[in-house]
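S.K.: pasting the sequence and the predicted model now:
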There are 2 protein chains.
Amino acid sequence: MIARVVKALLFDVQGTATDFHSTVCDEARRISAGRHPGVDWPDVVRRWRAGYFAALEEARARHSGWVPVHSLYRRALDAVLDERGIEFPAAERDELTLAWRRLKPWPDVVPGLTRLRGEYTLATLSNADVSAVVEISKRAGLPWDAVFAAEMAGVFKPDPAIYRMAATYLGLSPDEIMMVASHKYDLRAAGALGFKTAFVARPLEFGADGEADVAYSDEFDVNASDFLDLAAQLGC
Amino acid sequence: MIARVVKALLFDVQGTATDFHSTVCDEARRISAGRHPGVDWPDVVRRWRAGYFAALEEARARHSGWVPVHSLYRRALDAVLDERGIEFPAAERDELTLAWRRLKPWPDVVPGLTRLRGEYTLATLSNADVSAVVEISKRAGLPWDAVFAAEMAGVFKPDPAIYRMAATYLGLSPDEIMMVASHKYDLRAAGALGFKTAFVARPLEFGADGEADVAYSDEFDVNASDFLDLAAQLGC
C-alpha cells in the first residue's frame, strides 16, 4: 500500500489548497466598489492569472535570476487592465495585487490537512514568494510542518531543482514523498524524478465558467476529489 | 514600544527552544542500559556539544560548501567517546546521534509560542538541518509559521547571510524582525545587521553543572527569563 512508503506530502498552494479565483474576484469587486458595473471580473481574473503564468514561464526560460512573484503579479495586472481599458488607480492596483497573499483555502483543506498531519509531514511547494505562502497559511490556519517555495531554490516549478531541494530539506528519498496538486504539469515533473503523485480535482479553480482539467488519470498514484478524500485514501 | 514595530520573531532552536542537554543525557543512559555505570554522561554531552560547536566553526572558516549537521554530530561523538575510552558500537552511536533530532522543548516553549503566534509571525533560524528542525518541531508541537535553517543559506550562524536570508523570506526589513536566542553571539550577529534582539536566559542549557551565560544585558532590546516572560514583554 502506497501509504506505507510515503512519509511526507508536498502541496501546491495556489489552486490546489486555495481558491484564488473567488478570493481575487471578491477583492476586485470590493475595491472597485461598483465603479465598474460592466466589467466581467471573473474573465479579468482568469486573464490576470494567465498573464502571470506566462510571465513565470518567461522568467524560467530566461534563467535570469530570481524575480519576486509579487512583482510579476503587479505587472501582469497592469497589462490586463490597460488592455481592457479599465480605469484603476495605482494604489488600488497595489491593493488588489495583495489579494494573492490572502487567498482563502477550499473548505476541505483545513480539515483534510488536520487529518493528514497526524501521519505525515506536510509542507508546501509553491511558486509563490515565501512571505506570501507564510501570510496565506497564517491567515487560513493551514497546519504545515514546513514552508518550501520556489524562492528557496531560485527557480520556479516545474524545474527539477525545486523538487530535489524539497527532498533534501526533508531528508527523504523521492519515493518517500508525494506531490499533491491540481495541476498535471506539476505532478508530471515530480513523478519524472521518482516522487509519488496525487492529483486533486478542483473544478472551480478558474471559476464557474473556467475550464479546469479535472480528469482523473492512471498516471498518478492517487486521484482525489478533495483533501478529505486524499486523507481517506492515505489511511487517515 | 518595541512590540509595535516588530512583526516577526526568529528563534534559535537548540538550547533556546529545546533542552538538548537533558534530552541527549537521557538517551545516552537509555541506550547504554547500565553498561557504563562509571561514565559521567552530562560531562560527555557537554564535550560532545563543544566538539560539534568547534566543528561548525571550522566548517564556517573553511567556506567549503554545505555540510549536513547530522554528520558533524556523528563525527564529534566518535571523538568524545574514543577520547574517553567509552565502548559504544557503531549502531548505538548512530542511534544516540538521532537524539539531536528529537530534542524536547523547555516547558515554557509551547505555551509561550502559542501566545506569541496570535500577534507575530514565528519562524526558526537554526543551524540544525532543516529535516532535524522539522522533526523536533513536529514531535514537540512547536507552532512555527515557517522553518528557516542554515542549510537554506548554505552557511551557518553567525554568518550575516543567514539572517539576511530570513528577512528576505519574511518580506520584512531587519528592524521589523526580532532574533530570540539564549546565545549572545547569535543575537550580536543579528543586532549588527539591524535586527531587534531578545535574550532568553537558559540556566540549565548545559545541565546543572554547566556554565550557561545567563546575565541580562542592556545591549539587547529584551531580556527574558523564558518564552512566557518574552510573550508578556511583547504584549501577548
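M.R.: Thanks, I have the structure now. Residues are numbered from 1 along each chain as shown, chains lettered A, B, ... in the order given.
S.K.: show me what contacts the residue in chain A sticking out farthest from the centre?
M.R.: No residue in chain A has its C-alpha farther from the mean C-alpha position than A:R35, which lies at 30.2 Å (Cα atoms, centre = their mean). In this structure, A:R35 makes contact with A:E87, judged by Cβ atoms under 8 Å, 6 or more residues apart in numbering or on different chains. In short, each C-beta sits where N, CA and C put it, glycine included.
S.K.: again, only this time at 7 Å
M.R.: Contact analysis of A:R35 by Cβ atoms under 7 Å, 6 or more residues apart in numbering or on different chains lists nothing.
S.K.: again, but for A:V69
M.R.: For A:V69, the residues meeting the contact criterion (Cβ under 7 Å, 6+ apart) are A:N127, A:A128, A:D129, A:A132.
S.K.: from chain B, how far off is it?
M.R.: Applying Cβ to the nearest Cβ, to the nearest Å, the value for A:V69 to chain B is 11 Å.
S.K.: specify the beta-bridge partners of the most centrally placed residue in chain A.
M.R.: Nearest residue to the geometric centre of chain A (Cα atoms, centre = their mean): A:Q14, 2.1 Å. On the basis of DSSP bridges, A:Q14 is bridged to A:T18.
S.K.: hang on, it packs against A:T23?
M.R.: No. Counting by Cβ atoms under 7 Å, A:Q14 does not reach A:T23; the two are 10.1 Å apart.
S.K.: shared neighbours of the two, anything?
M.R.: Jointly contacting A:Q14 and A:T23 under the rule Cβ under 7 Å, 6+ apart are A:L103.
S.K.: break chain A down into its domains, please.
M.R.: As given by the TED database, the domain ranges for chain A are A:8-17+A:106-234, A:20-101.
S.K.: chain center to the longest one: distance?
M.R.: In this case it means domain A:8-17+A:106-234. Here domain A:8-17+A:106-234 is found 8 Å from its chain centre; the criterion is Cα atoms, centre = their mean, to the nearest Å.
S.K.: how far does that domain stretch from start to finish?
M.R.: 11 Å (Cα to Cα, to the nearest Å).
S.K.: repeat that for the last one.
M.R.: With Cα to Cα as the measure, domain A:20-101 spans 10 Å from end to end.
S.K.: so what's the gap between it and the chain middle?
M.R.: Using Cα atoms, centre = their mean, the offset of domain A:20-101 from its chain centre is 16 Å.
S.K.: show me where chain A has helices.
M.R.: Counting by DSSP state H, chain A has helices at residues A:2-5, A:20-32, A:41-62, A:69-84, A:90-97, A:109-116, A:130-140, A:150-153, A:160-170, A:184-192, A:227-233.
S.K.: would you format those helices as TSV with mean pLDDT and distance to B:G154 included?
M.R.: Listed next are those as TSV, based on pLDDT from 0 to 100; distance: least, Cβ to Cβ, whole Å:
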stretch	mean pLDDT	distance to B:G154
helix A:2-5	78	30
helix A:20-32	95	32
helix A:41-62	91	22
helix A:69-84	94	22
helix A:90-97	96	31
helix A:109-116	98	30
helix A:130-140	98	16
helix A:150-153	96	11
helix A:160-170	98	12
helix A:184-192	98	24
helix A:227-233	98	34
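S.K.: any chance of a markdown table for those helices, columns distance to B:G51?
M.R.: Formatted as a markdown table, these follow (distance: least, Cβ to Cβ, whole Å):
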| stretch | distance to B:G51 |
| --- | --- |
| helix A:2-5 | 36 |
| helix A:20-32 | 50 |
| helix A:41-62 | 44 |
| helix A:69-84 | 42 |
| helix A:90-97 | 50 |
| helix A:109-116 | 39 |
| helix A:130-140 | 34 |
| helix A:150-153 | 30 |
| helix A:160-170 | 25 |
| helix A:184-192 | 39 |
| helix A:227-233 | 44 |
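S.K.: for A:V134, see how far away the nearest residue to A:K138 once chain neighbours are set aside is.
M.R.: Spatial nearest neighbour of A:K138, chain neighbours left out: B:D145 (5.3 Å); criterion: Cβ to Cβ, 6 or more residues apart in numbering or on different chains. Using Cβ to Cβ, to the nearest Å, B:D145 is found at 5 Å from A:V134.
S.K.: A:V180 too?
M.R.: Noted for A:V180: a distance of 19 Å to A:V134, by Cβ to Cβ.
S.K.: per-residue confidence at the closest residue to A:M178 other than its chain neighbours?
M.R.: Of all residues not flanking A:M178 in the chain, A:K196 sits nearest, at 4.0 Å (Cβ to Cβ, 6+ apart). Model confidence at A:K196, given as pLDDT, is 98.
S.K.: identify whichever of the helices of chain A lies nearest to B:Y52.
M.R.: Proximity to B:Y52 (Cβ to Cβ) singles out helix A:160-170 among the helices of chain A, at 20.6 Å.
S.K.: okay, buried residues for the closest one please.
M.R.: Using 16 or more other Cβ atoms under 10 Å in any protein chain shown as the test for burial, helix A:160-170 gives A:I162, A:Y163, A:M165, A:A166, A:A167, A:Y169, A:L170.
S.K.: doesn't A:S225 make contact with A:D108?
M.R.: No. With contacts counted by Cβ under 7 Å, A:D108 stays clear of A:S225, the gap being 8.6 Å.
S.K.: quick one, which of those two is more surrounded?
M.R.: Ranked by neighbour count (other Cβ atoms under 10 Å in any protein chain shown), A:D108 and A:S225 place A:D108 first, with 18 against 15.
S.K.: what sits against that one?
M.R.: Listed by Cβ under 7 Å, 6+ apart, the contact partners of A:D108 are A:D226, A:F227, A:L228.
S.K.: likewise A:R74?
M.R.: A:R93, A:T97.
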